[in-house]
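> 3D model of this:
(4 chains)
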There are 2 protein chains.
Amino acid sequence: MDSLLNHLRQYSRLSPEAETALSNSFNQVTISRNEYLLTEGRICRHLYFLEKGALRGYYTLDDKEITHWFGFENDFVTSFHSFITGEPSVENLQLLEGTVLWSISKDTLTALLGKFHEIERLLRIAYEKYYIRLEERFVNAQFKTATERYDQLLAQTPHILERVPLGQVASYLGISQETLSRIRARH
Amino acid sequence: MDSLLNHLRQYSRLSPEAETALSNSFNQVTISRNEYLLTEGRICRHLYFLEKGALRGYYTLDDKEITHWFGFENDFVTSFHSFITGEPSVENLQLLEGTVLWSISKDTLTALLGKFHEIERLLRIAYEKYYIRLEERFVNAQFKTATERYDQLLAQTPHILERVPLGQVASYLGISQETLSRIRARH
DNA sequence: TTCACTTTTTGACATCTGTCAAAAATCCTC
DNA sequence: GAGGATTTTTGACAGATGTCAAAAAGTGAA
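As a prediction, the model looks like this:
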């Protein structure tokens, strides 16, 4: 719980009242490797904070699993599309390691947002950060070559390579596993 | 101004006080075709609402212009990265048509957010919508073929093809102009 | 250690896309 | 409507990436 509050304080200041309310609203969840937090077709009604561990988001296309993002320590994770719209999720959230999460339901969060302007602000700022992070990934996906994307991964998030099977990294980079293997061989 | 308030009401309800405050905070800006709202290297300190007209965001790479998004009627536009972080913009915002915009400075917006919880909420909800819209574009960019992306553009946002030169559309789709031309020829 | 299973690498080949150059079509101004 | 500039299309070719198949390497359990 401390790691969650510490992380939240980086977005914006919180009053003791808001911190208490937040503390009381998140529940700890422990899930082991390869289990699912969410499966395709279900509505995601929770937002999770990842205290420890790793997970991936993937969907299925032509019988292949397309891993499009990873979550690690101090990330907020959910199926954003499903959580925001209330529609069934198209993606699966699967644990890559045994994981400690903190969970809050959408209803609970909505109540907090109604009560505390400062929590609304925090969430707004969190979305800003997540937005520009996604924007950068989008530009990389669309306008950089496979090799450039791999180099950037090496430079910026090398821990992904250490914790995730190569096939999933390839998918994350938007290339085939064979191509990723060849890029690595050239290094 | 009516079109702006109407648009804002779609995100969340607003009290008359908040609507008045918002009305007083946006200034009308009229700019003609090919002019710039923002150029590379400058800090973007304004958020704009596009009432009428069209513009594009592009940056320069190897002497080529990479158009990565378009804005049309009822879009909020800015260089999000620069506006949020306060860092110099890497992109240029250029008008594609004569345009009527409403402008609000970051300072003015910050003051409004401090005063009105409901405006903070509106912005948070706006970010949610923009986030999942971007997420969809990201998935398309990374995991769909050029032809699929073009078909989707035809199905979902055909007005882009009618209002934007093909070279810029190609860049928006992440392909060369020649490839786009050939995809069109096959249809 | 050995065996089975999973993950990663390598090879051969086909396809897609980009680049450069030129032709064709379109647009704009006078 | 003519002429020049811009935009779009077409052709030829090279390079990058995907797919399928098989080999090699790595992992874990008995």
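> And A:Gln156, its phi and psi?
When read as degrees, to the nearest 10, the backbone of A:Gln156 gives phi -100, psi -40.
> okay, it: pLDDT?
In this prediction, A:Gln156 carries a pLDDT score of 91.
> touching DNA strand D at all, stretch A:90-99?
No: residues of stretch A:90-99 contacting DNA strand D under C-beta under 7 Å from any atom of the strand: none, with a closest distance of 11.9 Å. Just so you know, the C-beta spots here come from the backbone N, C-alpha and C atoms, and that holds for glycine as well.
> so how far is that stretch from its chain's centroid?
Relative to the centre of its chain, stretch A:90-99 is centred 10 Å away, using C-alpha atoms, centre = their mean, to the nearest Å.
> Quick one: end-to-end distance for that stretch.
Length of stretch A:90-99, first residue to last, C-alpha to C-alpha, to the nearest Å: 22 Å.
> Then stretch A:101-110?
20 Å.
> before we move on, what about stretch A:166-184?
Stretch A:166-184: ends 11 Å apart by C-alpha to C-alpha.
> what mean pLDDT would you report for the longest helix seen in chain A?
Using DSSP state H, we find that the single longest helix of chain A is helix A:117-143. Helix A:117-143 shows a mean pLDDT of 94.
> Could you see whether chain B lies near it?
Yes: legend: contact between helix A:117-143 and chain B by C-beta under 8 Å from any C-beta of the partner chain is shown at A:117, A:120-121, A:123-124, A:127-132, A:134-139, A:141-143.
> Now list the buried members of those.
A:117, A:120-121, A:123-124, A:127-128, A:130-132, A:134-135, A:137-139, A:141-142 (16 or more other C-beta atoms under 10 Å in any protein chain shown).
> Who are the packing partners of the helix or strand that contains A:Thr67?
Element membership for A:Thr67 (DSSP states H and E) is strand A:64-71. Helices and strands touching strand A:64-71, by 3 or more C-beta pairs under 8 Å, 6 or more residues apart in numbering or on different chains; DSSP states H and E, are strand A:55-61, helix A:166-173, helix B:117-143.
> Kindly calculate the angle that the last one makes with helix B:166-173.
Orientation of helix B:117-143 against helix B:166-173 (axes from the mean of the first three to the mean of the last three C-alpha atoms, to 10 degrees) gives an angle of 100 degrees.
> Is helix B:117-143 in proximity to DNA strand C?
No: residues of helix B:117-143 contacting DNA strand C under C-beta under 7 Å from any atom of the strand: none, with a closest distance of 11.6 Å.
> and that helix, anywhere near DNA strand D?
No: using C-beta under 7 Å from any atom of the strand, helix B:117-143 stays clear of DNA strand D, with a minimum separation of 9.5 Å.
> And A:Lys115, how far from DNA strand D?
Applying C-beta to the nearest atom of the strand, to the nearest Å, the value for A:Lys115 to DNA strand D is 47 Å.
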